[in-house]
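Chemist: Provided below are the primary sequence and the corresponding predicted coordinates.
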Amino acid sequence: MTLKPVIGAILSLLLGAQAAVGPPPAGSSAPEAPALVAPLDGTKVSRRDPLVMNWIPVRGAASYRLEIDRANKRDFVSAFRQTTPGTSLAAPTRELGAGSYRWRVVAIHPGGVEKPSEVRRFTLF
């Protein structure tokens, strides 16, 4: 296991503690998408090691949905989806199997407005 995911998780916890949460202020702009923290794009991880996905919370989000799919898929519909009120989730590395994947986090705002993050990639071996 590399230290990059661990360092990213620590940064997420530190930055997440300072990030604003709660309802958006009156007159605020459109809902924001979460900023991904870890793992970094292109990370390679053994299926035996934990892989924790971390992101920075956004103001007004009621929950977040982690989506993981094979790198060659266009839509995030098949491999893994899980919703959480928090800002991190462990990927099911053993269940996913070896291969290349993409991941993103969708902020779910009140009223059903969803804002996806950027897409990152990782490889399980």
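Modeler: Thanks, I have it.
Chemist: what about the helices in this protein?
Modeler: For the chain, the helices defined by DSSP state H cover 4-18, 93-96.
Chemist: can you get me a residue count around the closest residue to P85 other than its chain neighbours?
Modeler: Counting by Cβ to Cβ, 6 or more residues apart in numbering, P85 lies nearest to S63, which is 5.1 Å off, once chain neighbours are set aside. Where C-beta positions appear, they are placed from N, C-alpha and C, glycine not excepted. S63 has 12 neighbours, counted by other Cβ atoms under 10 Å.
Chemist: what's the answer for the one 4 residues further on, then?
Modeler: Burial of E67 is recorded as 22 neighbouring residues (other Cβ under 10 Å).
Chemist: among the helices and strands of the protein, which has the poorest mean pLDDT?
Modeler: Among the helical and strand segments of the chain, the one scoring lowest on mean pLDDT, DSSP states H and E is helix 4-18, with a mean of 46.
Chemist: on that earlier part again, for the residue nearest to P85, give me its contacts.
Modeler: Applying Cβ atoms under 8 Å, 6 or more residues apart in numbering, we find S63 in contact with T83, T84, P85, I108.
Chemist: and the second one, what are its bridge partners?
Modeler: Beta-bridge pairing of T84 under DSSP bridges involves Y64.
Chemist: what's the answer for the last one, then?
Modeler: Beta-bridge pairing of I108 under DSSP bridges involves S63, E114.
Chemist: contacts only, for it.
Modeler: By Cβ under 8 Å, 6+ apart, the contact set of I108 is A61, A62, S63, Y64, R65, T83, E114.
Chemist: ranges for the strands of the protein?
Modeler: Using DSSP state E, the strands of the chain run over residues 35-38, 43-45, 52-56, 63-70, 80-84, 88-90, 99-108, 114-116, 120-124.
Chemist: just say which of those is most tucked in.
Modeler: Comparing the strands of the chain by mean neighbour count (mean count of other Cβ atoms under 10 Å), strand 52-56 ranks first with a mean of 22.
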